[in-house]
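K.L.:
Curious how this folds, go ahead:
(chains A and B)
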Amino acid sequence: NAGVTQTPKFQVLKTGQSMTLQCAQDMNHNSMYWYRQDPGMGLRLIYYSASEGTTDKGEVPNGYNVSRLNKREFSLRLESAAPSQTSVYFCATRVHVPGGYTFGSGTRLTVV
Amino acid sequence: GENVEQHPSTLSVQEGDSAVIKCTYSDSASNYFPWYKQELGKGSQLIIDIRSNVGEKKDQRIAVTLNKTAKHFSLHITETQPEDSAVYFCAAGLTGTASKLTFGTGTRLQVTL
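P.N.:
Numbering: from 1, shown residues only, chains lettered A, B, ... in the order given. Here you go, the predicted structure:
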């Protein structure tokens, strides 16, 4: 079972460039999440989707957009990348009971 | 919203010793408290979780305790092994919903020989 698959694994962007991070799950979970992880700050929620067709902002949504294409896929887009968006990005899905996340392996993004 | 604090940020123990990581949360409505292990270059893996209707849960060398009154919960690892070296995250939230989990800032555990 693949679980949660993120692509790409690594990416270097120049300031102002755009890109889309892809996330796909085969777990049939309704909820999907995008987090960023920075040293000393833990995991911070960017956006999440409780179900297909719905999206909501997390605590750090500025500079990002998301799209829940279908139940399996949840993409994160950076329209104009900034150095402050250099981070490791994790996608996760959640089963409501008991409530734990399944994480992807992450995308390491560097904006220069 | 929920706020989770985690301590210590780094922890070094000798192989065979015990390790304890502590977290506090702010929202008394939270009823689900998972712990995740993140190895270098990988996504986080759920290692144990506890719901607010129990005070302690064990799984082999790992245990979690919960004090609802004080709003804190702890991860206990006994007989530590080098493969326990990783970053550990605690989290708090609600089970049975799509709402988010709030994470602590992580503890880097180093088990030395």
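
K.L.:
what does chain B put close to chain A?
P.N.:
Chain B has residues B:1, B:6, B:9, B:32, B:34, B:36, B:41-46, B:49, B:51, B:89, B:93-98, B:100-106 near chain A, with proximity defined as Cβ under 8 Å from any Cβ of the partner chain. (C-beta placed from N, C-alpha, C; glycine too.)

K.L.:
does B:V87 really touch B:T105, like I thought?
P.N.:
No. Counting by Cβ atoms under 8 Å, B:V87 does not reach B:T105; the two are 9.9 Å apart.

K.L.:
Which helix or strand in chain A has the lowest average pLDDT?
P.N.:
Least confident helix or strand of chain A, by mean pLDDT, DSSP states H and E, is strand A:101-103 with a mean of 91.

K.L.:
Could I get the contacting residues of the residue nearest to A:G58 when sequence neighbours are not counted?
P.N.:
Setting aside the residues directly before and after it, A:G58 is nearest to A:L45 in space (Cβ to Cβ, 6 or more residues apart in numbering or on different chains), at 3.0 Å. For A:L45, the contact set (Cβ atoms under 8 Å, 6 or more residues apart in numbering or on different chains) comprises A:33-35, A:58-60, B:100, B:102.

K.L.:
so who does B:T24 touch?
P.N.:
Per Cβ under 8 Å, 6+ apart, neighbours of B:T24: B:4-5, B:70-72.

K.L.:
For chain A, state which of those is nearest.
P.N.:
B:V4 (8.1 Å; Cβ to the nearest Cβ).

K.L.:
Counting neighbours, what do you get for that closest one?
P.N.:
24 (other Cβ atoms under 10 Å in any protein chain shown).
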